[in-house]
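[1] no FASTA, just this:
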């Protein structure tokens, strides 16, 4: 089956970027305990047994069994968007094979959340890699006889750096736990710093604000690694947090008061697409996120409700209606993808507010297309003398939206139905490659060959070497990226996760100084009052609500679509009056049964889970 898939893959090779790469230095040693020969099947618990040194005579030295004496073949499937391009025998693979006496076989199967056909074919044939990530749950694998459980004791003995993550953030003990056990897991839950990562960055035209008479607090200039001679006095940070009424006045002035001083009526506040790309000039300013898993305690009803029944959602709609009616915000044309339309409009340099996608793009470096996004696209030619400022999210309750609620993720790396001795070898390998003294080697390559530091190591951007200039001995095979054997998804260092991006390192440092609890505290971030998740609810209540939601969501969506359709169609004159009727319709459509569940004290608050120690 694998040969068939490999042939299919060779006919449809598509090159794409790796989704994320990261790494963290935690432990420099390799754990070398050995385990008894045993096989974990079904719900049996595997016990890790260490080899005991035995001294037969006083003058006899201690003899330790070679933990890597037996050569093993390990089937590997790691590398989102890249595993299918990988060619056998790359230098990092060979190094690990020699060190751990293994034969690593990377399966050439496309791993992509949007293209799962090859993974599905693999699983249907009963083919399972010994170690990998392929958007599948460990419970599914175990229930279908394709995988095994992972004992906490083996993690503690052979993968101590992952065990340390669990100890430092005990919420991880509830992720992927096998039912009825306290120390068996379906897989290795990812641990990344993405609960303190924002996918968008609010940026204002600083020169326009200053022309209009605004003075911003704690202005600190950014340093550019890409174009220091041209950009080092173009971009700034500020702690100024505009209120909603101030935002309205600023958008008006951007539209009516000729903020660039050119005498032409050619500027306005912001484009609008009614999308996630508008979040920092709309709903996130009102202290909530349009996430269906978030529930908020409504200030009027005291019910725990989803965002679409939350009173601040009405306030957000009211704000947008005013801004659109007055022309201070303008709809995108709607002719092509809205994200491309927004980007094109921002890149004209004619709007005062920009919501750039992805912090690494702010200084033009990120994701290989940073120069196509503002502010880089504006500074590179449209208006090279423009200045910009990154601020907190505006609004009295505005905050950044975290990429995910916790650092622990519901996504996981999986092990196949392997015996304990092979599982131990895998753990020893990833302990070394992910957390050992050479962790950067297996994540980014060899310093001086594959990359260099812009200035100070671990405190400045990584500059990757042009693939054509890498010596053949160390060139990538099949794909120019590395990381299939490095730490992609098990770390807490946000800078390392984003390759020490120039903007992110400065962004974090700025808020570590100017935010009362720093970048990693709670004061900068939107949080729900309760969270819909199998990990934050009693299992029976989770299943009860899941069923209820499936039964009622169509009726509820019908009410929402009718209401918002009339909002955007200009058919609502008094939103306060219409809101009362809208809420009544939602409750009649099934929301009344939702809140009966969510008002239950057995569903603990999000703050409770954030405080678990």
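    Yep, it's here. The model shown is predicted, which means the values in this text are computed figures rather than measured ones.
[2] Give the rounded mean pLDDT of stretch 370-380.
    The average pLDDT within stretch 370-380 is 93.
[3] where's that stretch relative to the chain centroid, distance-wise?
    23 Å (Cα atoms, centre = their mean, to the nearest Å).
[4] Can you give me the buried ones in it?
    370, 373-380 (16 or more other Cβ atoms under 10 Å). Heads up, the C-betas are built off the backbone N, CA and C, glycines and all.
[5] ok, residues contacting it?
    203, 226-227, 230-231, 234-235, 343, 346-347, 349, 354, 356-358, 360-364, 386, 388 (Cβ atoms under 8 Å, 6 or more residues apart in numbering).
[6] Tell me the span between the first and last residue of that stretch.
    Stretch 370-380 has an end-to-end distance of 11 Å (criterion: Cα to Cα, to the nearest Å).
[7] before we move on, what about stretch 174-183?
    10 Å.
[8] same thing with stretch 444-454?
    Per Cα to Cα, stretch 444-454 runs 15 Å from first to last residue.
[9] What average pLDDT does that stretch get?
    94.
[10] Which positions in it come out as buried?
    Neighbour count says stretch 444-454 has 444-446, 449-451, 454 buried, by 16+ other Cβ under 10 Å.
[11] can you check stretch 420-435 too?
    Buried, per 16+ other Cβ under 10 Å, within stretch 420-435: 420-435.
[12] these two touch, right, residue 559 and residue 590?
    No: counting by Cβ atoms under 8 Å, residue 559 stays clear of residue 590, with 9.4 Å between them.
[13] more crowded one of these two?
    In terms of neighbours (other Cβ atoms under 10 Å), residue 559 is the more surrounded of residue 559 and residue 590; the figures are 21 against 17.
[14] Please work out the average pLDDT along the helix or strand harbouring residue 120.
    When elements are assigned from DSSP states H and E, residue 120 belongs to helix 117-124. Helix 117-124 shows an average pLDDT of 97 in the prediction.
[15] The helix or strand that comes right after it pairs with which strands, and in what direction?
    Downstream of helix 117-124, the next assigned helix or strand under DSSP H and E is strand 131-132. Counting by DSSP bridges, the strands paired with strand 131-132 are strand 72-77 (parallel), strand 408-415 (antiparallel).
[16] Break this structure into its domains for me.
    Residue ranges for the domains of the chain, per automatic domain parsing: 2-49+64-194+407-494, 196-390, 530-610.
[17] between those domains, which one is nearest to residue 505?
    Nearest of these to residue 505, taken as Cβ to Cβ: domain 2-49+64-194+407-494 at 6.8 Å.
[18] distance between the closest one and the chain's centre?
    18 Å.
[19] which non-adjacent residue is nearest residue 169?
    residue 407 (6.2 Å; Cβ to Cβ, 6 or more residues apart in numbering).
[20] per-residue pLDDT, that neighbour?
    95.
[21] who's in contact with it?
    By Cβ under 8 Å, 6+ apart, the contact set of residue 407 is 169, 191-195, 492.
[22] go on, residue 452?
    Taking Cβ under 8 Å, 6+ apart as the test, what residue 452 contacts is 462-463, 465.
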